[in-house]
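K.L.:
no sequence on this one, just coordinates:
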């Protein structure tokens, strides 16, 4: 398998950054924006100031609002919010060419169904080989060409290798994994953990508390990954520890910064109302809580974040409840 062209489905910050990287790697690249007016503005200005200021889109990129134009590529990168995947697959299925890989670059779990995004894709696009791209990667740094390592995961080793070879260039280094479940779950759940860490920072609870939260949060992710058939050790790699370290320690993270504002006392509706970009941890928290409950996996941190976001718990009482849980051995 050789990938010479990419269709990027989603013209937000991450979609724009991956478009720039694809051109650097020598790939013929088409960027699809859902709104025609957005596609026209990006095509004319070669910029995306609403989502990725200071980045310039290469002239070689074709920008379109016609989904079929993007679907003509050798592989499709899905870079819209996770909760839009079902609608995207439904719209794309009539024009999808059998055997064209779908690479999921969104990080989340579908609300309502509790399905991982790979499961949603398999249900609606059964003819598409599916891979997951995840890891510690702020869009602005990828667009600027700063050193970045990500992981591409699929059960198909040949697909992994083809995608790694296609996207690798300069300071952008993809690693491969045969554990798409673990990689996808880590990418989704770390956003919920980042909200918790943001709350800790906003409340001024200290570095000790944040370190403990990250460590115990990773233990929760490992338990859930194992229950879903993934590998617990994936949580020690780029998609797990790598992404958690990045997202839980920087106010550049949409999820950590949202948690910080919550910890400072602002209402969730007010925070979301002032943002254009999606904080994936908000819908993922509820989906993660439901998934863990269905599988019988103990995830107190994730459940606490879900309770705070839904208004079922106040932050101070939620913190107190976590700290007064019965004592246990770490193992």
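P.N.:
Thanks, I have the structure now. Only a predicted model underlies this, so the values are computations on that prediction, with no experimental measurement involved. Numbers count the residues shown, from 1 in each chain.
K.L.:
contacting residues around residue 17?
P.N.:
By C-beta atoms under 8 Å, 6 or more residues apart in numbering, the contact list for residue 17 reads 52, 55, 139-140, 142-143. (Each C-beta comes from the backbone N, C-alpha and C, glycine too.)
K.L.:
Type out the ChimeraX command that picks the buried ones from those residues.
P.N.:
When burial is assessed using 16 or more other C-beta atoms under 10 Å, the buried subset of the contacts of residue 17 is captured in ChimeraX by this command:
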select :52,55,139,140,142,143
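K.L.:
out of the contacts of residue 17, which are inside helices?
P.N.:
When DSSP state H is applied, the contacts of residue 17 are split such that 139-140, 142-143 fall in helices.
K.L.:
and stretch 14-24, how far from the chain's centre?
P.N.:
16 Å (C-alpha atoms, centre = their mean, to the nearest Å).
K.L.:
Looking at it now, give me its mean pLDDT.
P.N.:
The pLDDT scores in stretch 14-24 average 98.
K.L.:
Tell me the buried residues in that stretch?
P.N.:
Within stretch 14-24, judged by 16+ other C-beta under 10 Å, the buried ones are 14-24.
K.L.:
Can you add secondary structure and give the residues you listed back as CSV?
P.N.:
Supplementary listing: the buried residues of stretch 14-24 in CSV, determined by DSSP: H, G, I helix; E, B strand; the rest coil:
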residue, secondary structure
14, helix
15, helix
16, helix
17, helix
18, helix
19, helix
20, helix
21, helix
22, helix
23, helix
24, helix
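K.L.:
Show me the residue sitting in the middle of this protein in space.
P.N.:
The geometric centre of the chain, computed from its C-alpha atoms, lies nearest to residue 107 (C-alpha atoms, centre = their mean), at 2.5 Å.
K.L.:
Return the closest of the contacts of residue 17 with respect to residue 45.
P.N.:
Of all the contacts of residue 17, the one sitting nearest residue 45 is residue 55; the distance, using C-beta to C-beta, is 11.4 Å.
K.L.:
which residues touch the closest one?
P.N.:
Listed by C-beta under 8 Å, 6+ apart, the contact partners of residue 55 are 16-17, 20, 47-48, 140, 143-144.
K.L.:
pLDDT wise, what is it at?
P.N.:
pLDDT, residue 55: 95.
K.L.:
cool, and residue 1?
P.N.:
82.
K.L.:
From residue 184, how far out is the closest residue to it other than its chain neighbours?
P.N.:
Of all residues not flanking residue 1 in the chain, residue 162 sits nearest, at 4.1 Å (C-beta to C-beta, 6 or more residues apart in numbering). Taken as C-beta to C-beta, to the nearest Å, the spacing of residue 162 relative to residue 184 amounts to 19 Å.
K.L.:
okay, these two: which has more neighbours?
P.N.:
A direct count of neighbours by other C-beta atoms under 10 Å for residue 162 and residue 184 places residue 184 higher, at 30 against 21.
K.L.:
hang on, the more buried one in a helix?
P.N.:
Yes: with the criterion set as three-state DSSP, the secondary structure at residue 184 is a helix.
K.L.:
Give me the nearest residue to it, chain neighbours excluded.
P.N.:
The shortest distance from residue 184 to any non-neighbouring residue, by C-beta to C-beta, 6+ apart, is to residue 132 (4.7 Å).
K.L.:
for that neighbour, what are its contacts?
P.N.:
Shown in contact with residue 132 (C-beta under 8 Å, 6+ apart): 103-104, 117-118, 152-154, 180, 183-184, 187.
K.L.:
Could you list the domains of the protein?
P.N.:
Domains of the chain are assigned by automatic domain parsing as 5-178, 181-323.
K.L.:
before we move on, the earlier item: now distance to residue 28 too, for the contacts of residue 17, in TSV please.
P.N.:
Listed next are the contacts of residue 17 as TSV, based on distance: C-beta to C-beta, whole Å:
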residue	distance to residue 28
52	21
55	20
139	21
140	24
142	19
143	19
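K.L.:
about what we covered before: between the contacts of residue 55, which sits nearest residue 287?
P.N.:
Proximity of those to residue 287 (C-beta to C-beta) peaks at residue 17, which lies at 25.4 Å.
K.L.:
ok, the residue nearest to the residue nearest to the centre of the chain when sequence neighbours are not counted to residue 119 distance?
P.N.:
Ranked by C-beta to C-beta, 6+ apart and with sequence neighbours excluded, the top spatial neighbour of residue 107 is residue 187, at 3.9 Å. Distance, residue 187 to residue 119, by C-beta to C-beta: 15 Å.
K.L.:
now the helices for the stretch 1-150 of the chain?
P.N.:
Along the stretch 1-150 of the chain, the stretches classed as helices by DSSP state H, counting those that start in this stretch are 13-24, 36-45, 67-70, 85-92, 117-124, 139-143.
K.L.:
With distance to residue 267 as added columns, please give these in TSV.
P.N.:
Rendered in TSV, the data for the helices of the stretch 1-150 of the chain read as follows (distance: least, C-beta to C-beta, whole Å):
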stretch	distance to residue 267
helix 13-24	25
helix 36-45	29
helix 67-70	36
helix 85-92	28
helix 117-124	29
helix 139-143	27
